[in-house]
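**Q** need coordinates for the following:
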Amino acid sequence: MTQVFFHCSNTKKVFLDHSGAVVDDLAEARDHATRVVQSFTNERSSEDWRDWILHVSDDQGDELFVVPFTFVLGKPH
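**A** Next up is the predicted model:
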């Protein structure tokens with residue numbers, strides 16, 4: 001089990017995850033990352049999420065992988 005953190009950023013803002021989540025492996029971290037992106041984009045707001053990126057880091061601060069929000073949102077029609 002590993003503690004991972006899910007920080008979100010674009011060129012103007014950063015949202016730091018101070019609590020993180022405990023996951024068993026990278027597949028579980030990926031699934032959690034998708035849920036984090038969905039939680040941001042499902043909120044009613046005027047924010048354009050297409051330029052946001054989710055940074056997944058371990059408890060040492062090392063980046064494990066990134067998930068551009070567009071990977072979860074898909075391309076606009």
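**Q** what mean pLDDT does the longest helix along the chain get?
**A** Counting residues, the longest helix found in the chain (DSSP state H) is helix 26-41. Mean pLDDT, helix 26-41: 93.
**Q** strand partners of the helix or strand following it, parallel vs antiparallel please.
**A** Per DSSP states H and E, helix 26-41 leads on to strand 53-58 as the next helix or strand towards the C-terminus. Sheet partners assigned to strand 53-58 using DSSP bridges are listed as strand 2-9 (antiparallel), strand 63-68 (antiparallel).
**Q** buried stuff in stretch 36-48?
**A** Neighbour counts using 16 or more other C-beta atoms under 10 Å place 36-37, 40 of stretch 36-48 among the buried residues. C-beta here means a position set from N, CA and C on the backbone, and glycine is covered the same way.
**Q** I misspoke; the intended subject was stretch 2-10.
**A** 4-8.
**Q** how far off centre is that stretch?
**A** 6 Å (C-alpha atoms, centre = their mean, to the nearest Å).
**Q** contact partners of it?
**A** Residues from elsewhere that reach stretch 2-10 (C-beta atoms under 8 Å, 6 or more residues apart in numbering): 14-18, 20-24, 29, 32-33, 36, 40, 51-59, 64.
**Q** try stretch 30-47
**A** By C-beta under 8 Å, 6+ apart, the list of residues contacting stretch 30-47 reads 4, 6, 8, 17, 21, 23, 49, 52, 54, 56, 65, 67, 69, 71-73.
**Q** ok, the spatially most central residue of the chain - contacts?
**A** Geometric centre of the chain, nearest residue: L54, 3.1 Å, by C-alpha atoms, centre = their mean. Residues near L54 by C-beta under 8 Å, 6+ apart: 6-8, 33, 36-37, 66-69.
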